[in-house]
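[1] Sequence first, then the predicted structure:
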Amino acid sequence: MSKRLEEFIKMNRDEFDDLEPSADLWEKIEKHLPAGGGREKRSGAKTFSLGFVLRVAATIVLVMGVGFVLYLRNEKRGQIDMAAINPLYAQQQVQYTSLIETKRSELKTMAKADPQLYQEFSSEIAKMDSAYKKLNDELAGSPNQEKVLHAMIRNLQLQTEILGQLLNVAEQFNKMKQEQKNESKNI
């Protein structure tokens, strides 16, 4: 089909070429364009050079970069190196935090089976989190950081114990529900 189209165009080329723009077309277009290649200032409109725009952009990037560096420096100041205070406490903090996260994820999977039970547990979890965060905030300004760090570790130990108890309660509750279902099926 494309060969037939090409042949048709070749045979009728003269008929296609009869519509050419007039020689004075560009002159007519140039009359409607503003003088100076279109770069003159229109009334009220401002034009900016590329150099000016690049300087403004570079200034914005520089200010944002300085702000970001100051933000990061401030963030690091807020964090205390627990290993520098007491390496043993720092190690325990990492272990307990990991254990707490594991227990919380187990509790959340159990919550899918019984969301109401998880709602009751979530208030206890929120209280424990609040107490730990308060101790963590006190750590930076405390004159006896080791004592505060010890209190934080004790808080994490209690959180671990309480979460373990909550998991046991949830397991017992789920077993009891399962036994009730089985008994009602047997009846």
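    It's in. Residues are numbered from 1 along each chain as shown.
[2] now the longest helix seen in the chain: mean pLDDT?
    Longest helix in the chain by number of residues, with DSSP state H as the criterion: helix 145-186. Helix 145-186 carries an average pLDDT of 84.
[3] same question, stretch 91-106
    Rounded mean pLDDT across stretch 91-106 is 87.
[4] Then stretch 110-129?
    Stretch 110-129 carries an average pLDDT of 76.
[5] where does it sit relative to the chain's centre, distance-wise?
    Centroid separation for stretch 110-129 versus its chain: 26 Å, with CA atoms, centre = their mean, to the nearest Å.
[6] try stretch 177-187
    46 Å.
[7] Could I get the full set of strands for this structure?
    Applying DSSP state E to the chain gives no strands.
[8] any idea how far Ser123 is from Tyr132?
    15 Å (CB to CB, to the nearest Å). Every residue, glycine included, has its C-beta placed from N, CA and C.
[9] Name the nearest residue to Leu99, sequence neighbours excluded.
    Thr160 (5.4 Å; CB to CB, 6 or more residues apart in numbering).
[10] What lies in contact with stretch 144-155?
    Residues outside stretch 144-155 that contact it (CB atoms under 8 Å, 6 or more residues apart in numbering) are 80, 82, 85-86, 89-90, 92-93, 96, 128, 131-132, 135-136, 138-139, 142.
[11] quick one: average confidence on stretch 14-28?
    Here the average pLDDT along stretch 14-28 is 75.
[12] Could you tell me the end-to-end distance of that stretch?
    Using CA to CA, to the nearest Å, one end of stretch 14-28 lies 27 Å from the other.
[13] Ser123 and Tyr132 - which one has more neighbours?
    Using other CB atoms under 10 Å, the more surrounded residue of Ser123 and Tyr132 is Tyr132, with 18 against 9.
[14] just checking, that one touches Leu156?
    Yes - using CB atoms under 8 Å, Tyr132 makes contact with Leu156 at a distance of 7.0 Å.
[15] what's the neighbour count on Ile125?
    Ile125: 18 neighbours (other CB under 10 Å).
[16] how close does it get to Asn186?
    For Ile125, the distance to Asn186 - CB to CB - is 37 Å.
[17] which residue packs closest to Ile125, ignoring adjacent ones?
    Nearest residue to Ile125, sequence neighbours excluded (CB to CB, 6+ apart): Arg104, at 7.2 Å.
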